[in-house]
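Colleague: Pasting the sequence and the predicted model now:
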Amino acid sequence: MTPAAASTTPHIVPPFLTKLYDMVTCNTYTDLIHWSTDGTAVVISNTTMFSQSVLPQYFKHSKFASFLRQLNMYNFRTTAKGENRREFENPHFQKGQPQLLRRLTRKTNTADRARGES
């Protein structure tokens with residue numbers, strides 16, 4: 001693909017990110033997952049209940065560790081952590097701004113980059 005073609009090709013938002021955005025904006029689970037007051041972070045109020053009730057509705061698993069791994073792959077960082085509560089943010093994941101999702105990219109594996117350069 002030429003550089004010009006690459007710049008005009010639309011970036012497709014990965015399913016994990018669209019599902020996360022749906023989860024946090026859905027009114028059904030606001031007691032378990034919601035936006036922070038300023039809309040810059042995702043708050044999970046009860047990780048145990050979130051894993052049991054919400055994750056199976058969106059994914060083929062109910063493992064919080066797998067969900068957390070995906071967040072980490074997209075450079076979300078933990079901004080608050082309690083016994084059964086978590087808060088995550090990424091500058092391209094903001095309340096009311098789904099167009100920013102296209103800017104989120106998955107971390108690349110160092111080994112993959114090394115293979116691509118050889």
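Modeller: Sure thing, it's come through.
Colleague: Next one: residue 4, what pLDDT does it get?
Modeller: Looking at residue 4, its pLDDT reads 44.
Colleague: Please apply the same query to residue 1.
Modeller: Note for residue 1: predicted pLDDT of 42.
Colleague: what ranges of this protein fall below the confidence cut-off?
Modeller: Within the chain, the segments meeting pLDDT under 70 span 1-11, 110-118.
Colleague: For it, which segments are assigned as helices?
Modeller: 3-8, 15-25, 47-49, 55-58, 64-73, 110-117 (DSSP state H).
Colleague: Check whether residue 76 really touches residue 89, as I assumed.
Modeller: Yes. With contacts counted by CB atoms under 8 Å, residue 76 reaches residue 89, the gap being 6.6 Å. For the C-beta atoms, the positions are set from N, CA and C on the backbone; glycine is no exception.
Colleague: Overlap in contacts, those two.
Modeller: Common contact partners of residue 76 and residue 89 (CB atoms under 8 Å, 6 or more residues apart in numbering): residue 42.
Colleague: Now do the nearest residue to residue 95 once chain neighbours are set aside: how many residues are near it, please.
Modeller: Among residues not flanking residue 95 along the chain, residue 39 sits closest, at 3.1 Å (CB to CB, 6 or more residues apart in numbering). Neighbourhood size, residue 39 [other CB atoms under 10 Å]: 13.
Colleague: Quick one: residues contacting residue 39.
Modeller: Residues in contact with residue 39 (CB under 8 Å, 6+ apart) are 94-96.
Colleague: if I look at residue 71, how far off is residue 40?
Modeller: Using CB to CB, to the nearest Å, we find residue 71 at a distance of 15 Å from residue 40.
Colleague: ok, residue 95 - how many residues close by?
Modeller: Neighbour count of residue 95, defined by other CB under 10 Å: 17.
Colleague: So which of residue 71 and residue 40 has more stuff around it?
Modeller: Legend: neighbour count by other CB under 10 Å for residue 71 and residue 40, higher for residue 71 (18 against 15).
Colleague: ok, that one touching residue 89?
Modeller: No. Between residue 71 and residue 89 there is no contact under CB under 8 Å: 10.0 Å.
Colleague: how much space between the residue nearest to residue 41 when sequence neighbours are not counted and residue 59?
Modeller: In space, and not counting its chain neighbours, residue 41 is closest to residue 89: 4.0 Å by CB to CB, 6+ apart. Here residue 89 is placed at a distance of 21 Å from residue 59 (CB to CB).
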